[in-house]
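*Asks:* Quick check, what structure comes out for this input:
(one chain, ligands or ions: 2)
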Amino acid sequence: METKHYNVFVIGSGIAGQTTATTCAKAGLTVAISDNRKFGGTCATRGCDPKKILMQFADLVKHSHQLEGLGIKKAPKIKWKKVQKFKTSFTKPIPSSTENDLIDLGIDLYHQSPKFISKNEVIVEGKTISADKFVIATGYVPRSLKFKGSDLLKTSDAILKLKKIPKSAIFIGSGYVGMEFCYMLSTLGCNVTMVEVGDTALSQFDSYLVKKLMKTLEDNGVTFMFNTKPISIEKLKKNLKLTYEKDGKTKAIKARKIFNTAGRVPATEVLDLEKAQIKSDESGIIVNDFMQSTSNDNVYACGDVSSKSLALTPLSGLQGHIAAHNIIQGNTKEFENPLVPSVVFTKPQIASVGYSEEEAQSRYKNVNIYKEDASDWYNAKKENAAAYAYKIVVNERTQKIVGAHLLSAQANETINIFTLAINKGLTVNEFKKLIFTYPSYTNDLKNMLNDVD
Ligand SMILES: Cc1cc2nc3c(=O)[nH]c(=O)nc-3n(C[C@H](O)[C@H](O)[C@H](O)COP(=O)(O)OP(=O)(O)OC[C@H]3O[C@@H](n4cnc5c(N)ncnc54)[C@H](O)[C@@H]3O)c2cc1C
Ligand SMILES: NC(=O)c1ccc[n+]([C@@H]2O[C@H](COP(=O)([O-])OP(=O)(O)OC[C@H]3O[C@@H](n4cnc5c(N)ncnc54)[C@H](O)[C@@H]3O)[C@@H](O)[C@H]2O)c1
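*Replies:* Ligands and ions are numbered 1, 2, ... in the order given. Presented below is the predicted three-dimensional model:
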């Protein structure tokens with residue numbers, strides 16, 4: 001069998017893997033990278049970027065509905081085929097452009113999953129490859145649900161490729177992925193039911209805001225079913241039938257499509273990690289602060305698949321840099337758990353940074369909560385938006401802002417202002433002294449800090 005040796009062998013060509021591979025190659029190391037799907041990773045080809053291209057058409061329709069009768073005659077009709085074509089014009093070139101960029105740096109490419117055979121060897125494409133360092137950057141894959149008929153479930157990959165908007169759809173799981181696509185499809189005319197095993201949607205977000213978001217989705221025609229366990233799926237002539245258990249009773253609902261949005265798990269299954277003594281659990285490959293496996297010094301892991309990830313693109317890029325730095329210069333750069341804002345791209349969007357009310361209460365002696373329904377504020381009223389609300393968390397003793405939670409049409413942008421404020425340790429008074437543009441959602445942030453709840 002052919003053998004080969006590299007300084008660095010990277011597994012996975014998403015943002016984490018690409019960042020590590022290109023940084024190491026630029027530093028003069030010999031590098032190879034493998035992927036068992038088309039090159040480019042989740043975010044650019046089947047995640048964040050294509051999602052936002054499709055989503056903007058739902059935003060336009062939703063915004064038009066808000067202004068119907070106020071100057072808009074009728075919400076625009078969307079030509080979904082054209083929308084898909086536009087999206088594909090972004091996603092289609094990515095695999096080849098990614099490959100070309102890697103090849104230009106002298107990086108060897110492999111198009112298969114490697115399997116570990118020892119602590120520093122893998123087999124891939126029929127070759128035995130040894131490397132000084134391996135980097136596992138394989139990301140997440142959808143959690144597989146195991147019940148009768150679960151093979152009929154589709155994942156987010158299929159939602160992004162829908163040829164037409166289905167008449168009806170069921171989403172199993174109401175986290176980030178489920179809620180974003182629930183919003184998109186329901187706005188575009190699909191009758192959506194959310195089936196959730198837990199007792200709320202978006203359990204990571206502030207419940208005061210989540211309830212208001214759910215209400216706007218219910219106004220879109222969405223039905224939420226909580227504490228509901230899916231137990232089987234059956235194919236009917238046109239529809240799929242989902243049988244579920246709720247309150248001790250077994251019932252069924254039908255829809256044209258059923259999507260598995262029940263979470264994502266580290267993609268480690270086919271790598272034969274145990275042959276290389278690489279420890280992993282449900283959080284991913286167990287790494288130390290240098291992004292190095294705690295059980296095999298030859299291995300680094302970064303991005304979603306590492307135990308220190310939060311499954312967001314900016315963190316995957318950052319961890320890719322740290323892994324590369326430590327491979328090139330020895331373990332000198334630590335991952336320091338930065339403050340990470342996140343947003344769910346519904347309309348209104350829900351976004352969050354820093355401590356939740358509960359986290360702050362357990363951390364500080366006294367906490368000030370600034371919380372209000374702002375749907376009668378100018379910015380919401382001028383758009384005839386039904387929901388606008390916030391909760392800002394402040395440490396009473398220092399008067400520093402320590403958490404911000406927003407439900408607003410611009411939350412994906414304005415949450416970044418609070419990220420800056422928290423990072424810089426701004427107090428309420430310091431924040432309120434800043435001058436922002438008017439009339440803007442950013443300017444509203446100062447008014448949010450007027451009255452303690
Ligand atoms: C629908 C959706 C929407 C999202 N929206 C957002 C968003 O708006 N904002 C945000 O910050 N994040 C979002 N995310 C999350 C974001 O996409 C990920 O956090 C990010 O892409 C992770 O990058 P990564 O490099 O760690 O992994 P990935 O990009 O997943 O890359 C891993 C690569 O490894 C490959 N691979 C897997 N197993 C193997 C194997 N055995 N052998 C070889 N190759 C393998 C995969 O094919 C893939 O190309 C979204 C995710 C999804 C699914
Ligand atoms: N806008 C963004 O930044 C964005 C968008 C999409 C994904 N992401 C990233 O991807 C990660 C994964 O998102 P996700 O939505 O796949 O997962 P998630 O963990 O956010 O949500 C999964 C939901 O499915 C439910 N669930 C699990 N098993 C179930 C079952 N058997 N039946 C019914 N419900 C079930 C869970 O209770 C949970 O509410 C996120 O944590 C996030 O980091 C980010």
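*Asks:* who does the nearest residue to Leu152 once chain neighbours are set aside bridge with?
*Replies:* With sequence-adjacent residues excluded and distances taken as Cβ to Cβ, 6 or more residues apart in numbering, Leu152 is closest to Ile233, at 4.9 Å. The way it works is simple: take the backbone N, C-alpha and C, and place the C-beta from them, glycine included. Here Ile233 sits in beta bridges with Leu242, as judged by DSSP bridges.
*Asks:* Just say helix, strand or coil for the residue nearest to Leu310 when sequence neighbours are not counted.
*Replies:* In space, and not counting its chain neighbours, Leu310 is closest to Val340: 5.6 Å by Cβ to Cβ, 6+ apart. Assigned state for Val340: coil (three-state reduction, DSSP: H, G, I helix; E, B strand; the rest coil).
*Asks:* isn't Val340 right next to Ser352, touching?
*Replies:* No. Contact criterion Cβ atoms under 8 Å: Val340 and Ser352 do not qualify, at 9.5 Å.
*Asks:* Of these two, give the one with the bigger neighbour count.
*Replies:* Using other Cβ atoms under 10 Å as the criterion, Val340 and Ser352 rank with Ser352 on top: 25 against 14.
*Asks:* Would you check how far apart Phe171 and ligand 2 are?
*Replies:* 9 Å (Cβ to the nearest ligand atom, to the nearest Å).
*Asks:* chain center to the helix or strand harbouring that residue, what's the gap?
*Replies:* In the assignment (DSSP states H and E), Phe171 maps to strand 168-172. With Cα atoms, centre = their mean, to the nearest Å as the basis, strand 168-172 stands 19 Å off its chain's centre.
*Asks:* Tabulate the CA atom coordinates of it in PDB.
*Replies:* Output in PDB follows, covering the C-alpha atoms of strand 168-172 (Å, rounded to 0.1, in the frame of the first residue of the first chain):
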ATOM      1  CA  SER A 168     -47.700  21.900   5.000                       C
ATOM      2  CA  ALA A 169     -44.600  20.800   7.100                       C
ATOM      3  CA  ILE A 170     -43.800  19.500  10.500                       C
ATOM      4  CA  PHE A 171     -40.500  20.300  12.200                       C
ATOM      5  CA  ILE A 172     -39.300  17.900  14.900                       C
END
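*Asks:* name the helices or strands packed onto it?
*Replies:* helix 176-187, strand 191-195, strand 240-246, strand 249-255, strand 257-260 (3 or more Cβ pairs under 8 Å, 6 or more residues apart in numbering; DSSP states H and E).
*Asks:* I'd like to know how many residues surround Leu152.
*Replies:* Around Leu152 there are 16 residues (other Cβ under 10 Å).
*Asks:* what does the stretch 1-150 of the chain put close to ligand 1?
*Replies:* 11-17, 34-37, 41-43, 47-48, 51, 113, 137-140 (Cβ under 6 Å from any ligand atom).
*Asks:* In strands, which of the residues you listed appear?
*Replies:* Ile11, Ser34, Tyr140 (DSSP state E).
*Asks:* any idea how far Phe431 lies from ligand 1?
*Replies:* Applying Cβ to the nearest ligand atom to Phe431 and ligand 1 gives a distance of 26 Å.
*Asks:* Please give the element, helix or strand, for that residue.
*Replies:* Counting by DSSP H and E, Phe431 is part of helix 428-433.
*Asks:* how much space between Gly154 and Gly178?
*Replies:* Careful, residue 154 is Lys; it's not Gly. 13 Å (Cβ to Cβ, to the nearest Å).
*Asks:* Find residues that contact each of these two.
*Replies:* Counting by Cβ atoms under 8 Å, 6 or more residues apart in numbering, the residues touching both Lys154 and Gly178 are Phe259.
*Asks:* Tell me which of those two has more neighbours.
*Replies:* Taking other Cβ under 10 Å, Lys154 and Gly178 do not tie; Gly178 has more neighbours (26 against 17).
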